[in-house]
Each structure stands twice: as structure tokens, then as C-alpha cells.
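Novice: how does the following fold in three dimensions:
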Amino acid sequence: MKVLVVGALGFVGVNISLFFKEKHKAEVIGVDNNFKQLGSLENKSLLKDAGVLFDFCDIRNQESVDKIFDEYGPFDCIFNMAAQVAFKVSVENPRLDFEINALGTFNLLEALRIKSPKALFIYASTNQVYGELKDCRLKEYETRYDFIDLENGVPETHSLDFLSPYGCSKGAADMYVQDYGRVFNLNTVVTRFGGIYGTHQYSYEDHGWISYITNKVRLNEKFNRFGHGKQVRDILFIDDILDAMEKIYLNRGSLKKGVCLNIGGGKENSLSVLELLILLEELTGNKERSIINPMRKADKLVVYLDITKAKKEIDWEPSTSFKEGIKKLIEWQNQN
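Specialist: As a prediction, this is how the structure comes out:
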């Protein structure tokens, strides 16, 4: 089994690389070009120690992508976990955001179509493609907002509304991955992720909010909080992402070309910022020291994903509760 992981120095990419190398004894090739991101050097060292072959690739450049496919392909499975993920960056430099998220994915799809057409191609999309969800009625509670009509959360059939340059670039790639599967008969899968957290995550204010806030409270440090804190998201521990990726691979023969699956924590693993802070005080003994700022334009009040389709299509659902997952995150942060 030969696996290509694009974005292998990032949080999800390094975990996928290590998982398929260690559990499936796969030949894993990890590629990346972002050596400035937090944790990249640590993750590169982990890949080397595990026997994962690492190479440079700039997915914005078709020649760079083709070189990887020519040298190491064909592949059995390709994970595109590479992305520009910061909302602030997408507004300040929308061209960079587009080139990495949309053009980079397109370049990979072209290499897949021409050089490795039998491979399974899994793309990491995002819940941001659902936009503001203005058509969803909400109810306010003491510590959170919640949907009134969407009992299980937002399904894959909900209309898309990209809202930001980040949502637009990810959404464009999302649709390209679906259509390349249908038009060119390729084994492509779109996975729309909820909020992911866990080991090997080096987060910052504009990305990885669970890990970022957890670390700040753990260290008893001040941090910025935006709005009232009743905003709700579903969160998913990294081990459950790995389980989903494995089940997609194992069920690849029965999945439709270009299928789209919500991979999130679902309603049971949804929580607000306030609820997270209450839990962190319980787990660490530290009271939060947040500096309250106005809500940002892109902050939705509620979004959690309906994962019914993933349960049906690949027999997957999260097995790690958010309390258990955050305990594991704190343990890892204490050691790193």
C-alpha cells in the first residue's frame, strides 16, 4: 500500500502519515513546503523517526506536483490535507489563499487524473463552506445557542454559502473534487471537517481554537475571546479523524465517485466557548483570563455537522467524548 500525504507537516497530515505507517505498514510519502508553520520541524522529525519518506512539494506549481507523482507514484491513496487555514490571512492575502486551497487542489486532481487514476483521493474540506447559516432558526440558552429545526446539525445537502475568501477557496476545491470524481470516474471523496483538536497540534489565535484556548488556560495566561462565548461548534478528537480516514479507505469500493461526507463531532460533541471554559476550569483548576473583544464578522453563532451519512456510508461515528479528548490534549501539552 502506497500512500501520499500532502500537507504532511501539519497537524492532521502528520497524524495520518504516522497512523498509516505504523498501523498499516504502508509506504508513506509525505510532502509539504511550509516549514514556517508552528510545529513543522517537530513533525518533520517525527516523520523521519517513523520511517516516512519526506519530500518538498509546492502544490501551487503543477510541475512540482507532477514531479512527486512521477518519482513516487502511482499511489493507492492520496490525502490532501494541505491548506491555508487562517481566516485573517485569507482576507489579507486572498490570492495566496486561493492558490493553496483551490489551485493547489486542482493541480493535485490533474496529476491524479493523468498519472494515478486508480488512487483513492481524500480531500479535507471544512464546515465553513456552509457559510453563515442565516436560514437556520436559533434558540438562546444560558451558556449556548442551538438550532431549533436542525435536530442533528447541518447535513451535506444544505446549501453552500462561502462567506469569506477562505470559505470560497475551500468550497471551490470541494466542488472540483466532487466533479472530478463524477466526470472522470475517479475515486474522490470530500470530507467536510468540524473543529479538530488533539496531539501534535500547534495552534494559534486564528486557528485551532480548542487547542489554543486549552493551552492558554492550562498556562494561566491571558487570551482574546470574541463575543459573548455562546457560539457553538462541534469538535472532533484526532483519533476519530484517523478512524474515519481508515474506514473511507476500507469502504472505498462501495462509495460513489465524488461522495461528500460530514466528518465532525456531531451534536453530542458540540460545545460553546463558555462551556469549554467551564470544563477547563474543572480539569486544570485555573480560571480563564480572557480579554473580551467584539465578535468577528465570520463568527457564526452555531454550526455542528449532521454525521448521519457517514454513519450509514462508512459505519463511522466519534468514539472520543470532548471531555476525554480535552483531557488527552492537556496531557500532551503538558509533555510538549
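
Novice: please make it C-alpha for all contacts and neighbour counts, starting now.
Specialist: Will do.

Novice: who touches residue 320 in this structure?
Specialist: 236, 237, 239, 240 (C-alpha atoms under 8 Å, 6 or more residues apart in numbering).

Novice: helix, strand or coil for it?
Specialist: Secondary structure assignment for residue 320 (DSSP: H, G, I helix; E, B strand; the rest coil): coil.

Novice: and it, what are its phi and psi?
Specialist: phi -110, psi 120 (degrees, to the nearest 10).

Novice: separation between it and residue 326?
Specialist: 10 Å (C-alpha to C-alpha, to the nearest Å).

Novice: now residue 150
Specialist: 26 Å.

Novice: settle it for me: which of those two has more neighbours?
Specialist: More neighbours surround residue 326 than the other of residue 150 and residue 326, with 22 against 15 (other C-alpha atoms under 10 Å).

Novice: so who does that one touch?
Specialist: Residue 326 neighbours (C-alpha under 8 Å, 6+ apart): 198, 214.

Novice: tell me where the stretch 201-336 of the chain has helices.
Specialist: Assigned by DSSP state H, counting those that start in this stretch, the helices in the stretch 201-336 of the chain fall at 209-218, 238-250, 273-284, 308-314, 322-335.

Novice: got it, and the stretch 51-200 of the chain?
Specialist: 62-72, 87-92, 94-98, 104-115, 165-184.

Novice: phi, psi for the spatially closest residue to residue 112 that is not a sequence neighbour please.
Specialist: Leaving aside its chain neighbours, residue 112 sits nearest to residue 119 (7.3 Å; criterion: C-alpha to C-alpha, 6 or more residues apart in numbering). For residue 119, the backbone dihedrals (degrees, to the nearest 10) come out as phi -70, psi 150.

Novice: was I right about residue 119 contacting residue 69?
Specialist: No - with contact defined as C-alpha atoms under 8 Å, residue 119 does not reach residue 69; the gap is 11.5 Å.

Novice: contacts only, for residue 263.
Specialist: 191, 192, 193, 194, 241, 244, 305, 307, 310.

Novice: counting neighbours, what do you get for the first one?
Specialist: This points to residue 191. Count around residue 191 with other C-alpha under 10 Å applied: 23.

Novice: so it sits against residue 122, correct?
Specialist: Yes - if you go by C-alpha under 8 Å, residue 191 and residue 122 touch, sitting 7.1 Å apart.

Novice: got the contact list for residue 3?
Specialist: Counted by C-alpha under 8 Å, 6+ apart, residue 3 has contacts 20, 26, 27, 28, 29, 75, 76, 77, 78, 79.

Novice: what about the last one, how many residues nearby?
Specialist: For residue 79, the neighbour count with other C-alpha under 10 Å is 22.

Novice: tell me the pLDDT of it.
Specialist: On pLDDT, residue 79 comes in at 98.

Novice: what sits against it?
Specialist: 3, 4, 5, 6, 121, 122, 123, 124.

Novice: separation between residue 324 and residue 163?
Specialist: For residue 324 relative to residue 163 (C-alpha to C-alpha), the value is 33 Å.

Novice: compare these two (neighbour count), which wins?
Specialist: Legend: neighbour count by other C-alpha under 10 Å for residue 324 and residue 163, higher for residue 163 (16 against 11).

Novice: pretty sure the more buried one is touching residue 133, no?
Specialist: No - at 9.9 Å, residue 163 does not count as touching residue 133 under the criterion of C-alpha under 8 Å.

Novice: what pLDDT does the residue most central in space within the chain get?
Specialist: Nearest to the geometric centre of the chain sits residue 193, at 4.9 Å (C-alpha atoms, centre = their mean). Residue 193 carries a pLDDT score of 97 in this model.

Novice: ok, now which ones touch it?
Specialist: 124, 125, 126, 127, 262, 263, 264.

Novice: how about 10 Å then?
Specialist: 123-128, 234-236, 241, 261-265, 304-305 (C-alpha atoms under 10 Å, 6 or more residues apart in numbering).

Novice: what confidence value was assigned to residue 57?
Specialist: Reported pLDDT for residue 57: 98.

Novice: wait, it touches residue 65, no?
Specialist: Yes - counting by C-alpha atoms under 10 Å, residue 57 touches residue 65, with 6.3 Å between them.

Novice: which neighbours do the two share?
Specialist: Joint contacts of residue 57 and residue 65 (C-alpha under 10 Å, 6+ apart) are 6, 31.

Novice: picking that back up, list just the one of the helices of the stretch 51-200 of the chain that sits closest to residue 198.
Specialist: Closest approach to residue 198 among these is made by helix 87-92 (20.7 Å; C-alpha to C-alpha).

Novice: what lies in contact with the closest one?
Specialist: Contacts of helix 87-92 (C-alpha under 10 Å, 6+ apart): 84, 93-98, 164-169, 206-207, 298.

Novice: in JSON lines, list the helices of the stretch 51-200 of the chain along with mean neighbour count.
Specialist: Formatted as JSON lines, the helices of the stretch 51-200 of the chain follow (neighbours: other C-alpha atoms under 10 Å):
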{"stretch": "helix 62-72", "mean neighbour count": "16"}
{"stretch": "helix 87-92", "mean neighbour count": "16"}
{"stretch": "helix 94-98", "mean neighbour count": "19"}
{"stretch": "helix 104-115", "mean neighbour count": "20"}
{"stretch": "helix 165-184", "mean neighbour count": "21"}
